[in-house]
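Visitor: Quick one, structure for this:
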Amino acid sequence: MISVLILTKNEEVDLPSCLASLSWCDDVHVYDSFSTDRTPQIALAAGARLYQRVFDDYASQRNAALAEVPFRHEWILILDADERPSPELSAEMLLAVATVAPDTNAFRLIRRDYFWGTWLRHAQITPWYIRLIRRGHAHYTRAINEVLEVDGKVQGLTQPLFHYPFSKGISYWVRRHDIYSTLEANLIHQRGGLQNPSWNKALFARDISERRLHQKAIFYRLPGRSLVKLAYMLFVRRAILDGSAGIRYALLQSIYEYLIVLKTQELERIDTHGLAEVAASEQNGKQNPETAAGDAQTNQK
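Guide: Numbering: from 1, shown residues only. As a prediction, this is how the structure comes out:
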């Protein structure tokens, strides 16, 4: 009754557990970005169907998968390899699609993020994600932190989808968010995304996805937003109640936000002065070894 789509890139660590959580599904598809590890072999050995496409951006990759994969069923569950539907959620989804109204074309799931075994109950900014869709009635927009737009009503389910973003270690998370911050900075610099956000929709829109879209657009216009995010996560979302895991996660998120700020400013400098001039100014700002050594000796006196 439900097909599953998993998007992958070097997911040999997480994919086995993800596939194991889908034993109830007879139609699992892995859409891979030409992994260089054992991801393709793991997918095929588990009985999943494998497809590969060169990655360009997150929305395009997901839209291509939805368009190209010959799903057996009308309903599609979209997962990342570090996510696992709980047994309770799996049962709830199967029941939901069997009794769904004709005008409902998607379901919003409640995701639980974990940091080193601790559920980020308070630190997680939002738990709601549209992941179960009726085929042909949804598509993605926005190249990074993509938004799923649905043609029709969206209902909510109650059982958890487990998410383990730190399963491959802190270094992996940092590398991924270095890439994300570059893509976000490029999008902001190119004036991509929503250009005329509404405070009314950011606060009161009935659709959660629309509300988040306007909130993000307004947030990107705030001064000192990395510190705003840290304060929001610690004291408004009460990440401190999640203990050290919540505090660490809030710090990592604020650093990620600051990287977006710095990279956006760097792009603006290049626009103003040109790449060669910016590079030259960086070189001219460096001390030569003799001067640096002299300064070091002076500081030691």
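Visitor: all contacts plus neighbour counts: C-alpha atoms, from now on.
Guide: Noted.
Visitor: Which stretches in this structure count as helices?
Guide: 15-20, 39-45, 58-68, 87-99, 170-189, 199-204, 208-219, 225-231, 243-273, 275-284, 289-300 (DSSP state H).
Visitor: where's I170 relative to R248, distance?
Guide: Distance of I170 to R248, given as CA to CA, to the nearest Å: 11 Å.
Visitor: err, H163, not the other one
Guide: 17 Å.
Visitor: now A239
Guide: 9 Å.
Visitor: A138 too?
Guide: The value you get for A138 to R248, if CA to CA is used, is 35 Å.
Visitor: same deal with H177?
Guide: Using CA to CA, we find H177 at a distance of 15 Å from R248.
Visitor: do L234 as well
Guide: 10 Å.
Visitor: okay, those two: which has more neighbours?
Guide: L234 (20 against 16; other CA atoms under 10 Å).
Visitor: wait, what's in contact with the more buried one?
Guide: Neighbouring residues of L234 by CA atoms under 8 Å, 6 or more residues apart in numbering: A123, I240, G246, I247, A250.
Visitor: per-residue confidence at the second one?
Guide: Looking back up the chat, that one is I240. Note for I240: predicted pLDDT of 97.
Visitor: what do you get for the third one?
Guide: Reported pLDDT at G246 in the predicted model: 98.
Visitor: That one and W116 touch, don't they?
Guide: No - G246 is beyond contact range of W116, at 10.6 Å (criterion: CA atoms under 8 Å).
Visitor: The two: who's more crowded?
Guide: Ranked by neighbour count (other CA under 10 Å), G246 and W116 place G246 first, with 26 against 13.
Visitor: Enumerate every residue touching the more buried one.
Guide: G246 sits next to L120, H122, A123, L234, A239, I240 when contact means CA under 8 Å, 6+ apart.
Visitor: where in this structure is pLDDT low?
Guide: Along the chain, segments meeting pLDDT under 70 span 192-195, 285-301.
Visitor: neighbour-wise, which of the contacts of L234 leads?
Guide: For the contacts of L234, neighbours were counted using other CA under 10 Å, and A123 has the most, 28 neighbours in all.
Visitor: Can you tell me, leaving aside adjacent residues, what's nearest to that one?
Guide: A239 (4.1 Å; CA to CA, 6 or more residues apart in numbering).
Visitor: residues touching the one you found, list them.
Guide: When contacts are taken as CA under 8 Å, 6+ apart, A239 is in contact with L120, R121, H122, A123, Q124, M233, G246, I247, A250.
Visitor: try it again with 7 Å
Guide: Contact analysis of A239 by CA atoms under 7 Å, 6 or more residues apart in numbering lists H122, A123, M233, G246, I247.
Visitor: can you list the residues you listed in JSON lines and add distance to R211?
Guide: Shown next, in JSON lines, are these (distance: CA to CA, whole Å):
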{"residue": "H122", "distance to R211": "19"}
{"residue": "A123", "distance to R211": "19"}
{"residue": "M233", "distance to R211": "18"}
{"residue": "G246", "distance to R211": "24"}
{"residue": "I247", "distance to R211": "26"}
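Visitor: so which of the residues you listed comes closest to A67?
Guide: A123 (34.9 Å; CA to CA).
Visitor: R131 versus that closest one, what's the distance?
Guide: Distance, A123 to R131, by CA to CA: 21 Å.
Visitor: Next: Y51.
Guide: Y51 is 20 Å from R131, by CA to CA.
Visitor: domains of this protein?
Guide: What the record gives for the chain is the domain set 2-163, 170-276, from automatic domain parsing.
Visitor: Nearest to Q283 among the ones you listed would be which one?
Guide: Nearest to Q283, of the domains of the chain and by CA to CA, is domain 170-276 at 10.6 Å.
Visitor: Just the terminal-to-terminal distance for the closest one.
Guide: OK, domain 170-276 end separation, CA to CA: 34 Å.
Visitor: Off-centre distance for that domain?
Guide: The chain centroid and the centroid of domain 170-276 are separated by 12 Å, computed with CA atoms, centre = their mean, to the nearest Å.
Visitor: Likewise for stretch 106-114?
Guide: Taking CA atoms, centre = their mean, one finds the center of stretch 106-114 at 13 Å from the center of the full chain.
Visitor: who touches that stretch?
Guide: 119-120, 124, 127-134, 150, 153-164.
Visitor: let's go with 8 Å and repeat that
Guide: 119-121, 124, 127-134, 150, 152-166.
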